Every structure is written in C-alpha cells, then in structure tokens.
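Asker: Dropping a prediction and its sequence here:
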There are 2 protein chains.
Amino acid sequence: MSDTPGNREPGTAASGHRPTLAKVAELAGVSVSTASLAFSGAGPITPETRARVLDAAKELGYTGPNPLGRQLRSGRSGVVGVVVGDQLRRAFRDPVAVQVLDGLVSTLGENGLGVLLIPGIPSDDPARAVDPLVESAAMDVAVLVWGVGTDDATLAALQRRGVPVVVGEGREVEGAPLVAIRDRSGTAAVVRHLVDLGHTRVAEVSLPLDTTDRSGPIDAERLAQVDRTPTANRLAGVRDVVEPVASWETEASLVEHGRSATLALLGRPGADGATVAADPSTRPTAVIAHSDLLAAGALLAARELGLRVPDDVSVAGFDGLDLPWLAPDVLTTVHQPLARKGAELGRAVIRQLAGETPTTVELDVELVVGTTTGPAPTT
Amino acid sequence: MSDTPGNREPGTAASGHRPTLAKVAELAGVSVSTASLAFSGAGPITPETRARVLDAAKELGYTGPNPLGRQLRSGRSGVVGVVVGDQLRRAFRDPVAVQVLDGLVSTLGENGLGVLLIPGIPSDDPARAVDPLVESAAMDVAVLVWGVGTDDATLAALQRRGVPVVVGEGREVEGAPLVAIRDRSGTAAVVRHLVDLGHTRVAEVSLPLDTTDRSGPIDAERLAQVDRTPTANRLAGVRDVVEPVASWETEASLVEHGRSATLALLGRPGADGATVAADPSTRPTAVIAHSDLLAAGALLAARELGLRVPDDVSVAGFDGLDLPWLAPDVLTTVHQPLARKGAELGRAVIRQLAGETPTTVELDVELVVGTTTGPAPTT
DNA sequence: CCGTCGGATCGAATCGATTCGAGGAGGTGC
DNA sequence: GCACCTCCTCGAATCGATTCGATCCGACGG
C-alpha cells in the first residue's frame, strides 16, 4: 500500500537507510509518541516500556533521534555561527583570536551548542560581499568575534535573516549584547608608562583600520577612516597621552607585519638596498604596538637594525600573550583576559537564546611591565 | 478553523515569528510548490510568476527558505564535523593544525559546506569519553584531523551513528578515505642527513604517543604502546636510519614542550637547581624533533644551555613551518604541504558525499636544509 | 458494586520545505 | 476544427521527530 509518490529517497548518502523512530516503535509494539518519550525522558513512561523501546532500538541499530527532525520541530539547530573577522588562515595565526575562540567553544559546549566557523571575509571570491554560510547556514545565534564595521555586510545579512547577534569587540549594535575590554584606557596606561620613562618621540604600530589590507603611514585623513572599534580605541588611547611622531598601519596582527612596520619607522634606506637604523637624534625612542604579535615583530626588527632594547628603543605591546620565544626579553604589555572574554561571549549567547535583554560586558585590563621598556636614551 | 492542537509555537527565540514559504505563496497568490520553485530555480517557472513571488517575499521580509526545513527534506545538513584530535586550545596553538584547517575550510566552503568544530577530547569533563556533539550534532560527514587511535571512542560513536568518516593522518579505517603524508620516509631522510654529517649520538623529541598527556623518556615498553599513527611513523622513520641514544615524549607539539624535553636530553642538574649543559663527550650532538614547534623549543633550550647551533648541537624538525622569529637561524626540516593536505581532506569529503568509493591519498614531503644542522663536533 | 481519579499510552497535528506526477491552458500542425 | 504537444502550476506526500490533549486502563474509595 505504500506507494511513495513525490519522493525519491532523499539522504541516500553512502550507506543504506538508517532506521527511524517509527520503525523502532513498530518493532517495540508501541506508538511513535511513546517511543519518543523513551528517548527524550520528558513525560511519564513505565521503565518496562522504556526498556522495550531501547531494546528494539538496539536491535535495529537506531542510535537516537535524527537531529534534523528534532531541529525542525524545535526550531533550534544547536549551532552558533562564529564569524571571525578575517580570513580564517590569518585569524588562527593570531593567538588572541584562538584563545577567545577556545573560551567560547568551551562555554558553548557545556551548554550543548556547537560552533560553526564562518569566515568574515570570503576567502577568494571578491564577487560576494559575505560568505554564503552567512546567508543560508542554520544557526541559532551568530557571534561576530572581531569587530563590526560601520557598514557591515555580514551584520546586515544576519539581521535581515533574523538571526540574533552577539558582538565581541565592536561598536554597540541595536539589540545585540556586546563584550569588550577597556582597551582605550589600557592603551593609555601603557603609553603613560612610556612617557613617564621620559619618552617623547613615540612611534605607533597600528592594527588594521579596516578590512582593505592596506599598510603604510597613517595621516590625519586616514585616521578619520578607521572602521574597527578596537583599533579606534587603541589609536585614541595613545592620543589620550601623547601625539605619536609616526604611526604605521599594518594589514594584519602578525609578527611579520609588526616587523616590517617597525623597520619603516626606525630605519632608513642604507647602502646596497638594505635598511639601517635611522639617525638617533630624530629616531623614535619608543614603539607602542597595538598588539603583542606586532610588538614581537617590532622587537625582531629592532634587533635586526642593531638596536638594543630597551637601551636604544623601548617596545610595548597589548594583549598579554605568553611569548616564551622572545626570551630573554619579556614584553611590556597590557594583559587582557582572553579566555574569559570568550567565556563571556558564550554566556551572552546563552542569555540571548533565553530571550533575555542584551547587556554590555566590559572587562578590565592590566598593565604588565616587562624588560622591553626603559628610560628614554639621553641624546 | 485552524485551531492548533498539539503544538505550542516552537522556535519562539527572541524575535517574533519569521514568515514561511506558505505565507509568501499565499500573498503571491500561488501554491507553495510554485513558490519553492521561485527560490530554488529547479524546474520551469515564468519569470513573471517568479517576480511576483519574490516581491511577496520582499514585502513580508522573507529572506529565503528556512535551512532547517530544507535540511530535513534533503537529509543533508551541509555541515561537516571536524574533530580536532586534542583540546581546541592546544590544537589551535599549533600552526600545523591551523593551516590544515584553513585548507579544509576553504575547499568545503567552495562547495557550500560549513565546518562544525568538535573537540576530540572533551574539554574538562573526564566522565564522558567523547564530546556530546559527536553523539548528537547534525553532520553529513566527519573529518578526524589528527589521527585515530586503535580504540577510538569518537570513531566508534560516529560509525555507530552511521556518519561517514574521513581520516587525516591516521591508520586506515574501513570505508573511510585517508589523507596522509609520507612522514616515515621524510623523517628517515632528515635523520639520514644528520648521520651523513657525522652524527652518531642523536636524541629524539617525540610527538605525543597517545592522548594521555604523558611526558618523559621513551623506553622499549612505552615505544610499544604508541597509538597515534603520525607519531608511530616518525618514530619508525628515525629508527630506519639510526637508533637514538635518547628519546623523549612530549604531551603536545608546542614550543614549551620541545624546550623542556630538550633541556632534559642535553642538560644535567647544575649548581643551585639550575640546568646546565651535560658533558660534551656523552651529550647528544643532534636533536631530531618530530615537529618544527618542538624543534623551535629545542633551539631555545640549546641557546639557554649556552650551546651553539649547529657547532655544538644540530637541530632538525618536521613540517616546514615559516618561523621568522627564530631568525637568524633557519630550521632544517621536512616540508609538508599543509594547506594542500587540508584541501585534499576537503575533496575527500566531497567524494564521500557523492558516494564514491574511498581512496587513500598520500602526499609527498621534501627535506629542506637550513642553518641549524652542521657537521658533528669532533670530540 | 459503581464512580472517579491518576498515570501510561496513543493519535494527530505540526515544524518548513522539496518533489513528482497530474492537470490545465495555450499554441501548433494537419 | 480537432487532436496533440508543451510548458507552467498545483496538490499531496514526505523527510523524522515532538507534543498536546484525549483515551484507556486499573485501582481505590464510598
């Protein structure tokens, strides 16, 4: 009697058909609804009946309800989309992103939620403004981990779809919880530390101002175009204390970018195309980098130029990473609670799912003085 | 007339109800099936009708078919579970895993598949053998990125569920494609390079032998317990050429573990609890590390002990990472195509979904000689 | 001995979309 | 002018599970 019109066995992946709850119920001699009860545990059921259902399941090799069916009925996928604000390859090379992600995954995992990775910038196809997953993947909430631009295509797409959003490190978004750190005051604190040491010629190595992959000196015009909140905060934090004598934008927060920026800031073209240290009387005496990775690159660049740290130049960063390979140097930096930030993002997701009203969480940071900063050299 | 028994508005997340295809069809004055055609593009439909449906959709704020419904019908979730064989926090600190993951995500992304992160080892709860996502998350295929133990609980759970599996760097699994590199011969090649340079006392810094987080010397008994294929291959590759004078197991492939292992291998307890270099007449003259990160740690340890590289001790790794911060040293290593490995894994996933028969892909590696290996010191 | 009560089980609707064959309208060929 | 063919649209079944109210059973109290 069961002639199946309008259907041609979907889901015929590799192996044969998986048993369904209906088949289990049939074998156990109960109704589907009772069988469902046996698995979900919600509702009254005789231990005996339950056992009969479970036995039938085992016999058929049924390993539990198909998540797809459950999801459709409940309207929840159990998936949280995590949009990393860059190409994945780059994001993962930055320990900052990794540690935040780790805290996030742990917290979500404890609540039965899985993390779906979504590149914030489509890998190679410039035709698309956003990754296709943003448009069509099933997710209950999306987390934008690294900032939100003023005119963010990804955010817009998610809002259009009605996917609730949680923002990490960005501007306030209507209806979305925000988890941020006090990076402006933290940056100001480390710059004040430099100024207190007598530095007046401070150079700055900046995080990317937007997603355009530019690098080079930052002038007033460019400064006005900053479209990433954490970068904006750190730029502002520096200027709360001192006007840098030079400022250099990097295309990503990685060691090599900090290195080349610093070579440009502290060096000048030398003999045979090489870069040599610039004139000590005009050269910056301190480099404030917006991140520890950039600062590490700055340190390497200084070494390359034959400059002693901190005797000839002081270097400070931001993040508080553990970078043992910089030994014997220990970076002066501002420590931020990265794993905790991830955990807070996770908690914000849970609250968002529970329908609570979004709140802003702002985490404290702390200046940690290492060996890479010292008194300004006396000219 | 539509009194809704047996249902209490599921999916009432934060915001109100999203419009459904049925509502759009109603407003457009067509049937649901026609409306579906307008979106999917599969099947004949008049441009005019299509436009009417799309207009209706726009008016209602309908942004396309609900993925959950589509997934249930098609039996496909569009999600690939990626099981990283460790805690996430650790896996992501290893550039090897990150680069593979990057290649994988790109390839899958091009095919409309998303990556769901699954920790291979449950974060903190020792009660569970596998992460709950393994048991119940919706996924079309699972990729086990870093090895499969002989008695792998995660693999068993996935097979029980009937989720097709793709294995990266592990033993052959019935019915599962395998993507691997020639790490045994590659390791043998780099060790032969050392032996050709005159080294006879070679020490080995090994990758983890299993997931027990042990570290310490490897004796014959422990050697027999190795339960990770890449590790087994590299141990074997070393022994294909020379029997190491000492071998040390690490708990993870990170710089600090390579450092402490090497301190143990090349040092001895010194004056006030410090570690000093061991006697040059018995001390190993070369360290072969199973990974570049471990080798980087070895390099740092050697520097700490006051040993010159490669004059006092040669150091070689495996992976071919770009580690600019080791400058001026350039590691002697074996280059493996990491992003390509990820891409091959992605292709294997696609083929698996297409129902093709699983095949094994083995990628070539290449010895790259740097500045960290040199002739054995003459005693 | 009968009515009532409580607990276990069942039926049926529902989540939202896809898909196939049937059916209808319009056009063409003879 | 009629039959046939094409092309578009529609109806209905289906994916697999959840859930609510109804039903049915036995037990207990009066």
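Answerer: Yep, that arrived.

Asker: what does the stretch 201-350 of chain A have sitting close to chain B?
Answerer: Neighbours of chain B within the stretch 201-350 of chain A, by C-beta under 8 Å from any C-beta of the partner chain: A:255-256, A:259, A:296, A:300, A:304, A:324-327, A:339. The C-beta positions use only the backbone N, C-alpha and C, and glycine is treated the same way.

Asker: could you redo those residues as TSV and give each row neighbour count?
Answerer: Shown next, in TSV, are those (neighbours: other C-beta atoms under 10 Å in any protein chain shown):
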residue	neighbour count
A:V255	24
A:E256	19
A:R259	25
A:A296	26
A:L300	21
A:E304	19
A:P324	14
A:W325	18
A:L326	20
A:A327	11
A:A339	16
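
Asker: Mind putting these into a markdown table with distance to DNA strand D?
Answerer: Rendered in a markdown table, the data for those read as follows (distance: C-beta to the nearest atom of the strand, whole Å):
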| residue | distance to DNA strand D |
| --- | --- |
| A:V255 | 48 |
| A:E256 | 50 |
| A:R259 | 54 |
| A:A296 | 50 |
| A:L300 | 55 |
| A:E304 | 61 |
| A:P324 | 48 |
| A:W325 | 50 |
| A:L326 | 52 |
| A:A327 | 54 |
| A:A339 | 33 |
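
Asker: Also near DNA strand C: which of the residues you listed, exactly?
Answerer: Among those, not one lies near DNA strand C by C-beta under 7 Å from any atom of the strand.

Asker: of all those, which comes closest to B:T200?
Answerer: Ranking these by separation from B:T200, with C-beta to C-beta as the measure, puts A:W325 on top at 29.8 Å.

Asker: list the contacts for that closest one?
Answerer: By C-beta atoms under 8 Å, 6 or more residues apart in numbering or on different chains, A:W325 lies in contact with B:255, B:296, B:300, B:325-326.

Asker: where does it land in three-state SS?
Answerer: Reducing the assignment at A:W325 to three states with DSSP: H, G, I helix; E, B strand; the rest coil gives helix.

Asker: Same check on A:R160?
Answerer: For A:R160, the reduced secondary structure class is helix; criterion used: three-state DSSP.

Asker: and A:E169, how far is that from chain B?
Answerer: 18 Å (C-beta to the nearest C-beta, to the nearest Å).

Asker: Check the gap between that residue and A:A339 for me.
Answerer: Between A:E169 and A:A339 the distance is 15 Å, computed by C-beta to C-beta, to the nearest Å.

Asker: Please produce CSV containing the contacts of A:W325, extended by distance to B:A246 and pLDDT.
Answerer: Output for the contacts of A:W325, formatted as CSV (distance: C-beta to C-beta, whole Å; pLDDT from 0 to 100):
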residue, distance to B:A246, pLDDT
B:V255, 20, 91
B:A296, 19, 96
B:L300, 19, 93
B:W325, 27, 81
B:L326, 23, 86
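
Asker: And A:V134, its phi and psi?
Answerer: Main-chain torsions, A:V134, degrees, to the nearest 10: phi -60, psi -40.

Asker: which residue sits closest to it, ignoring its sequence neighbours?
Answerer: Nearest-residue entry for A:V134: A:A157, 5.0 Å, with adjacent residues in sequence omitted and distances by C-beta to C-beta, 6 or more residues apart in numbering or on different chains.

Asker: Wait, a helix at the one you found?
Answerer: Yes. Membership of A:A157 in a helix is supported by three-state DSSP.

Asker: and the stretch 51-200 of chain A, which of its residues are near DNA strand C?
Answerer: Counting by C-beta under 7 Å from any atom of the strand, the residues of the stretch 51-200 of chain A close to DNA strand C are A:69, A:72-73, A:75.

Asker: by contact count, what packs against the helix or strand hosting A:L293?
Answerer: Remark: A:L293 resides in helix A:292-304, with elements defined by DSSP states H and E. Contacts defined by 3 or more C-beta pairs under 8 Å, 6 or more residues apart in numbering or on different chains; DSSP states H and E place helix A:292-304 against helix A:95-110, strand A:202-206, helix A:255-266, strand A:286-289, strand A:314-316.

Asker: Compute the inter-axis angle for it and strand A:202-206.
Answerer: Helix A:292-304 runs at 130 degrees relative to strand A:202-206, counting by axes from the mean of the first three to the mean of the last three C-alpha atoms, to 10 degrees.

Asker: Would you mind reformatting the residues of the stretch 201-350 of chain A next to chain B (as a markdown table) and adding columns for distance to B:T211 while you're at it?
Answerer: Listed next are those as a markdown table, based on distance: C-beta to C-beta, whole Å:
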| residue | distance to B:T211 |
| --- | --- |
| A:V255 | 30 |
| A:E256 | 33 |
| A:R259 | 37 |
| A:A296 | 31 |
| A:L300 | 35 |
| A:E304 | 41 |
| A:P324 | 24 |
| A:W325 | 26 |
| A:L326 | 30 |
| A:A327 | 29 |
| A:A339 | 22 |
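
Asker: Run through the helices of the stretch 151-300 of chain A in chain order.
Answerer: For the stretch 151-300 of chain A, the helices identified by DSSP state H, counting those that start in this stretch occupy A:153-161, A:183-196, A:220-223, A:229-241, A:255-266, A:292-304, in order along the chain.

Asker: from the ones you listed, which stretch is densest packed?
Answerer: Neighbour counts (mean count of other C-beta atoms under 10 Å in any protein chain shown) averaged over each of the helices of the stretch 151-300 of chain A peak at helix A:292-304, with a mean of 26.

Asker: And that one, how far out from the chain middle?
Answerer: If you compare the mean C-alpha spot of helix A:292-304 with that of the full chain, they lie 23 Å apart, counting by C-alpha atoms, centre = their mean, to the nearest Å.

Asker: could I have it exported to CSV, CA atoms only?
Answerer: Written as CSV, here are the backbone C-alpha positions of helix A:292-304 (Å, rounded to 0.1, in the frame of the first residue of the first chain):
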residue,chain,number,x,y,z
ASP,A,292,51.8,41.7,21.3
LEU,A,293,52.4,40.0,18.0
LEU,A,294,53.1,43.3,16.3
ALA,A,295,55.3,44.2,19.3
ALA,A,296,57.2,40.9,18.9
GLY,A,297,57.8,41.8,15.3
ALA,A,298,59.0,45.2,16.4
LEU,A,299,61.4,43.6,18.7
LEU,A,300,62.8,41.4,15.9
ALA,A,301,63.1,44.5,13.7
ALA,A,302,65.0,46.4,16.4
ARG,A,303,67.4,43.5,16.8
GLU,A,304,67.9,43.4,13.1
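
Asker: Poorly predicted segments of the stretch 51-200 of chain A, please.
Answerer: Scanning the stretch 51-200 of chain A with the threshold set as pLDDT under 70 gives A:122-127.

Asker: Show me what from it comes close to DNA strand D.
Answerer: By the criterion of C-beta under 7 Å from any atom of the strand, the positions of the stretch 51-200 of chain A lying close to DNA strand D are A:65-66, A:68-70, A:72-74.

Asker: Secondary structure and neighbour count added to the residues you listed, as JSON lines?
Answerer: Compiled in JSON lines, these are given as follows (DSSP: H, G, I helix; E, B strand; the rest coil; neighbours: other C-beta atoms under 10 Å in any protein chain shown):
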{"residue": "A:P65", "secondary structure": "coil", "neighbour count": "18"}
{"residue": "A:N66", "secondary structure": "coil", "neighbour count": "20"}
{"residue": "A:L68", "secondary structure": "helix", "neighbour count": "22"}
{"residue": "A:G69", "secondary structure": "helix", "neighbour count": "15"}
{"residue": "A:R70", "secondary structure": "helix", "neighbour count": "20"}
{"residue": "A:L72", "secondary structure": "helix", "neighbour count": "22"}
{"residue": "A:R73", "secondary structure": "helix", "neighbour count": "14"}
{"residue": "A:S74", "secondary structure": "helix", "neighbour count": "12"}
